[in-house]
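# this one's structure only:
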Ligand SMILES: [Zn+2]
């Protein structure tokens with residue numbers, strides 16, 4: 001299990017991929033510059049799983065790999081190291097992405113008025129389309145009425161504000 005005092009690098013790894021990521025991240029912090037084989041033996045995870053996690057973390061810039069020659073075996077291996085300095089940046093980028101998605105949804109809600117027949121199984125219909133259907137629901141035939149979307153808009157706005165406040169400092 002992970003608690004709130006855990007290192008941010010471990011926390012974020014665990015959030016990305018769960019238990020396997022948590023184990024690999026802990027192992028990396030315990031022994032920097034470990035190879036995939038060393039991580040596999042210290043975590044008890046299969047080597048393929050360890051590699052999958054490492055490549056994913058590497059792709060997200062949360063770890064670096066240095067290619068070095070294994071003198072014993074005579075071939076090259078990668079030694080992996082966590083980039084704890086990148087964790088905050090990674091979190092900021094994720095927040096930014098979420099904020100943009102919320103903003104797009106809010107813009108969509110602001111751009112149009114929506115009509116609905118009141119039937120839970122039917123979807124909302126933007127004004128332009130409702131007009132085409134003569135305000136009759138295309139799925140159930142019910143009458144389309146203007147549906148207030150203030151609640152939805154407010155909840156998007158609130159979430160966006162939360163993220164803004166969170167990232168200000
Ligand atoms: Zn309907």
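Received the coordinates, thanks. Given the structure is predicted, the values throughout are model-derived calculations rather than measurements.
# neighbouring contacts of stretch 9-29?
With C-beta atoms under 8 Å, 6 or more residues apart in numbering as the test, stretch 9-29 has contacts from 2, 7, 34, 39, 42-45, 49-50, 53-54, 56-57, 60, 62-63, 80-82, 84, 87, 90-91. The way it works is simple: take the backbone N, C-alpha and C, and place the C-beta from them, glycine included.
# Buried ones among those?
34, 39, 42-43, 45, 49-50, 53-54, 56-57, 60, 62-63, 80-82, 84, 87, 90-91 (16 or more other C-beta atoms under 10 Å).
# so who does the closest residue to residue 118 other than its chain neighbours touch?
Using C-beta to C-beta, 6 or more residues apart in numbering and skipping residues adjacent in sequence, the residue nearest residue 118 is residue 142, 6.5 Å away. By C-beta under 8 Å, 6+ apart, residue 142 lies in contact with 117, 118, 119, 122, 136.
# which residues touch the last one?
Contacts here follow C-beta under 8 Å, 6+ apart; on that basis residue 136 touches 142, 143, 144.
# Give me the number of neighbouring residues for residue 117.
22 (other C-beta atoms under 10 Å).
# At the contact with the ion, which residues of this structure appear?
Contacts of the chain with the ion, taken as C-beta under 5 Å from the ion, map to 117, 119, 122, 137, 139, 140, 142.
# Is it possible to get a markdown table of the residues you listed that adds secondary structure and pLDDT?
Formatted as a markdown table, these follow (DSSP: H, G, I helix; E, B strand; the rest coil; pLDDT from 0 to 100):
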| residue | secondary structure | pLDDT |
| --- | --- | --- |
| 117 | coil | 97 |
| 119 | coil | 96 |
| 122 | coil | 97 |
| 137 | coil | 97 |
| 139 | coil | 96 |
| 140 | coil | 97 |
| 142 | coil | 97 |
